[in-house]
Structure formats: structure tokens, C-alpha cells
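Novice: how would this look folded up:
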Amino acid sequence: MAGRRSPVTDIREILRRLHLGEPDRRIARDLGISRNTVAHYRVWAARHGVLDGGALPDVATLAELLAPAPSERPAHEQSLVEPLRERVLALHERGVEGQAIWQLLVEEHGFTGSYSSVKRFLRRLAPSRSRATLRLEVGPGEEAQVDFGYAGQFLDPEHGRVRRAWVFVMTLSCSRHQYAELVFEQTIETWVRLHRAAFEYFGGVPRRVVLDNLRAAIVHAALYDPEVQRSYRECAEHYGFLIAPCRPRTPEHKGKVEQGGVHYVKRNALAGRAFRDVHDGNRHLLRWCLEVAGRRTHGTTKQIPLAVFDEIERAALRPLPVSPWELAEWKQAKLHSDCHIVFDGAYYSAPHRLLGERLWVRAAGSKIELFHEYALVATHRRGRPGQRRTLVAHLPPEKVHFLLQTPAWCRARAAEIGPACALFIDALLGDRPLDRLRSAQGVLRFVDRYGAERVDAACARAHAVGEYRYHTIKAILVHALDRQPLPGLTPVASNAAVSPPRHARPWTTFFPDPESEDRRSLAWT
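Specialist: Residues are numbered from 1 along each chain as shown. All right, here's what the predicted structure looks like:
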């Protein structure tokens, strides 16, 4: 736009182009302004009937329409942010903070104002755009609110290094009595352990636990019916409380924790203090919850949390169960073709009819349970890595016989096949029969395909070269090497003078010389 025009003139040019039906993108490009600015005045014009089809108002009339209300700032004092009001409002309502809004305005619209101008605009905006909220007071024992908040760096004595730590806070909504603990992880294991610790600290369980959509406790941040991880759901069932996630992006729904819990703990209990390690910090938090936070006059209720807890809320909590919650770990695992799933390096069998299915594994203490959908299909004792836990009933009938082929059975079967096979199987099993049992079984199964005579010959050949492996026998049989003479036994003409091969052992190493045997027997007669 050539020349320098007043704001009203600029706005009238925008309105004129809108009146002609030009798209926002073209108007913004031609006038060198933001599309959001064009969109803002399109909405304004529609609200004031400027685009209803009649003639555009003149500059004076337009100035009157654009004049600020008495409560608004004069036109010459309008904020530099004003032309981008709608964009700022959209970002502000999404929870974007001022610094990020200013950065986005600079990047998207070439905004030349300072960060302070954005802050001032947001301060003026806050009273008029704030949403009305309703403070809901709940009865004793009805509700607790929980959250994590970053707490800083603490020494982890178990690992001998400084780590990032978070503070867990559970606040009873009626009395405002609270429990706080420092942790290094936000895993589901830590999450349910902290619930147990808080319930034992209070001496009872609230009827409902309100939480933000924390990744450790919630699988998907759904609005009304979130899919809660199985471990947390089992914990809730064990203690008898309901899980009540906040609606996504609405932390004000659990303000007792957000403002009076995590923030209060960080500002009051932890700020400006140095601790030897995380255990020292947790000892301090326990004393602080009982002696400081519990005995203060609460700013909202004007009552002392610990006194209210002792008077009305302690007795209203549900009693703790007889046995404490034992964490169960849930994972999914595929049932492989050998009728076993793998969990923590150990192997557990499941019914062969479920081959290829994904099963749920529930591990609690020394017990492993396998579920198909919601049905329990197998129970095992927990095994060490590499160990197999197999129930014969889980295997197909044709595999049961194979399972019963023990090392002793393999040796007996090899002796039936032939002496060379017996030597080979005995050497193969050696001092590790269980580790090599499958290889031995595989060698013996070659009889079904190649016959006992060929397998025995293959074992003799492998024994001759000192190779005691399943793959050696397989290679000999596949390439028919068992039908060739053993090394050092190449047939020659009977009258030929043959010198022994340079690197071969004499054939008498493998078979006794009949003539030598005869001479030896004559020598003793």
C-alpha cells in the first residue's frame, strides 16, 4: 500500500476488498498484513452489517463504528498486539504462555512489539476472557487428588549420582490433609506404590481419586471412559476406590493439588533447602506434612487441615484391606510355534490352540498367569532367565512324545541304530545333556528320512573328523558323504604300491587289521 494512511483508511481498504469478494489470502498479500487481521475485520464487518450488500460507510462513519468503548483504550494507545487479537486469543485459550505467544507472533506475522507488550495485552485480557469456575466442596472421605511435580536434583544413594526427582502429592479434598514423597520415576510401578504409601499414611482409602492424565497411570487420555492400565485398575479394585481422570487440558479441575499441593510443597517445603539425598528430603517432607502443612490455617477453608482430618475425615475413609496391594506387572507376549511365550527371558507354555495369538502375561511375585482376552489359560511358577516352564497338556499330541525323549532315551535309541551313532550321541550330549538334547533328538529323527544305516555311517564319518554337531550330520546326509569312503580309506588296486597320504591317519586307526589280529593270536599259541 503506497503512502502512509490512517488506521481507519487502512481498515476501510480491507473492508472494500472484502466487499468486492476478494479472498483473505489475496487481501493479506496485497496489503502486507496478516490473514488473521483480515479474518478479524471480516467478522467485525459481518457483525456490524457492513458487508450486507449496500455501500461501504464513509471514513467518518467508519471511524465512529471503530471508536473504542469508554472502557477501552483510546485509539492512539491501542496495543501493537491488537491487530492480532484473534490469534492471541486462540493461543491463550489453548493454554499457551505469554513467552511462547510472543515468539509465535514474531515467527508467523513479523511482530515488532516487545514481549512486555504481549504481557500487558494478556493482563488486560485476563479479566474479560476468564472462564467462570464453580468451587465444589466434597464430603469427608469422598475424594483425594493426586499429581506429580518436578522437584529438582537430588542425590540417589542407590546409584551414587544426582538425578532429576519429582514430588508426588495426594491431598484429601475435604480436610486438605496431604501426603508428599520424592521419587525418581513416573512409572506405573512407582505410581501404585505411592498410592499404597499414601493410603497407609492416612489410615484409609477415599472413595474417588482424581488425577491428571499422567502417562504412567492412563493409557489414553480419553474424556469420559479412559482405558486405564491393568495394573492401576487392579490396584483400584483392591483398595476399593474409583479412578476419576480430569478432562484433558483442564488441570483446574483438580486445583486442590495443582495450587495447594504440588505448588505449595515446592514453594514452601523444598524451596531454598539443601538435602543430603532423596531420603533426607523425604524425611523432611513427612515432618513438614504433619507439623507445618497440617497445622496451618488453610487459605481457602480457614481451618486447620489436620484438625479437620482428625475430627471428621479419618473416620469417613474406607478401611484398608487386610493384605496390602502386591504390584502385578502386565505385558503382552505372542505364543510361538513351540507353544511357549517369552517373559523376562524365561519360557512359559500355553495351550497349542492359541498359537500365534497375543496373550496377556500377569506377573505377581513368584506366580505367572497367562490370559487370552479375559480368560485365564495357564498358571506357572516364575522361572529364571533361560528356564522353561512346560505343561504337557499344552502341547499337541504329536509333540508330547518328542518332549519325553530324555537323554537316556536318546542314548538307548542311538545304540539301536548302530555303534557309530551310539558313540556320536554320547559325545554330543557330553556333560551338558539338557542343553544339547534338542540336537541329539534332531540327529535321531534323520532315521525317519534317511534310514538307520545311512545315519550310522554319517555318525562314523563325523566321529572320524571329531565333529559332534547336528549340522555336521545334516550336511553329510544332504550331500551323501556317508556313501563315500572315510578319510584315509580310498580304495586302490591290490598290487599297487601306495605310500600313505601325507596328512591322513592310517585306516587301522578306525578299523583293526585282520592280519595283525591273526599274527597276534598266533604269537600267543
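
Novice: and Glu181, how far is that from Cys459?
Specialist: 66 Å (Cβ to Cβ, to the nearest Å). No exception for glycine: its C-beta is placed from N, CA and C like everyone else's.

Novice: how about Tyr450?
Specialist: Tyr450 sits 11 Å away from Cys459, going by Cβ to Cβ.

Novice: so for the two, which residue has more residues nearby?
Specialist: Cys459 (29 against 18; other Cβ atoms under 10 Å).

Novice: wait, that one sits on Ala415?
Specialist: No. Applying Cβ atoms under 8 Å as the test, Cys459 and Ala415 come out as separate, 11.7 Å apart.

Novice: shared neighbours of those two, anything?
Specialist: Cys421 (Cβ atoms under 8 Å, 6 or more residues apart in numbering).

Novice: tell me where the stretch 301-450 of the chain has helices.
Specialist: 305-308, 397-403, 407-417, 419-429, 437-445, 447-450 (DSSP state H, counting those that start in this stretch).

Novice: so what secondary structure elements neighbour the fourth one?
Specialist: This points to helix 419-429. Under the contact criterion of 3 or more Cβ pairs under 8 Å, 6 or more residues apart in numbering; DSSP states H and E, the helices and strands touching helix 419-429 comprise helix 407-417, helix 437-445, helix 452-465.

Novice: next one: the second one to chain centre, how far?
Specialist: For helix 437-445, the distance from its own C-alpha centre to the chain's C-alpha centre is 41 Å (Cα atoms, centre = their mean, to the nearest Å).

Novice: report the angle between it and helix 407-417.
Specialist: If you take axes from the mean of the first three to the mean of the last three Cα atoms, to 10 degrees, helix 437-445 sits at 20 degrees to helix 407-417.

Novice: just to revisit the earlier point, export the helices and strands packed on helix 419-429 as a markdown table, with columns for mean pLDDT.
Specialist: Shown next, in a markdown table, are the helices and strands packed on helix 419-429 (pLDDT from 0 to 100):
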| stretch | mean pLDDT |
| --- | --- |
| helix 407-417 | 90 |
| helix 437-445 | 88 |
| helix 452-465 | 93 |
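
Novice: and Glu137, what pLDDT?
Specialist: Note on Glu137: pLDDT of 69.

Novice: brain fart, Arg388
Specialist: Reported pLDDT for Arg388: 86.

Novice: so where's the longest strand in this structure?
Specialist: strand 143-156 (DSSP state E).

Novice: by contact count, what packs against whichever helix or strand comes after it?
Specialist: The helix or strand immediately downstream of strand 143-156 is strand 161-172, counting by DSSP states H and E. Contacts defined by 3+ Cβ pairs under 8 Å, 6+ apart place strand 161-172 against strand 143-156, strand 178-183, helix 188-202, helix 255-257, helix 278-291.

Novice: quick one: contacts of the longest one?
Specialist: In other words, helix 188-202. With contacts defined as Cβ under 8 Å, 6+ apart, helix 188-202 is touched by 144, 146, 168, 170, 172, 177, 179, 181, 183, 205, 209, 214, 216-217, 229, 231-232, 235, 239, 309, 314, 317, 320, 324-325, 327, 329.

Novice: buried sites along that helix?
Specialist: Buried positions in helix 188-202, judged by neighbour count with 16 or more other Cβ atoms under 10 Å: Ile188, Thr190, Trp191, Val192, Arg193, Leu194, His195, Arg196, Ala198, Phe199, Tyr201, Phe202.

Novice: using PDB, write down the CA coordinates of it.
Specialist: Extracted in PDB, the C-alpha atoms of helix 188-202 (Å, rounded to 0.1, in the frame of the first residue of the first chain):
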ATOM      1  CA  ILE A 188       3.200 -47.400  36.800                       C
ATOM      2  CA  GLU A 189       5.100 -49.400  39.500                       C
ATOM      3  CA  THR A 190       6.100 -46.100  41.300                       C
ATOM      4  CA  TRP A 191       2.600 -44.700  40.800                       C
ATOM      5  CA  VAL A 192       0.700 -47.600  42.500                       C
ATOM      6  CA  ARG A 193       3.400 -47.900  45.300                       C
ATOM      7  CA  LEU A 194       2.800 -44.200  46.100                       C
ATOM      8  CA  HIS A 195      -0.900 -44.800  46.300                       C
ATOM      9  CA  ARG A 196      -0.400 -47.600  48.800                       C
ATOM     10  CA  ALA A 197       2.000 -45.400  50.800                       C
ATOM     11  CA  ALA A 198      -0.500 -42.500  50.900                       C
ATOM     12  CA  PHE A 199      -3.400 -44.800  51.900                       C
ATOM     13  CA  GLU A 200      -1.300 -46.300  54.700                       C
ATOM     14  CA  TYR A 201      -0.300 -42.800  55.800                       C
ATOM     15  CA  PHE A 202      -3.900 -41.600  56.000                       C
END
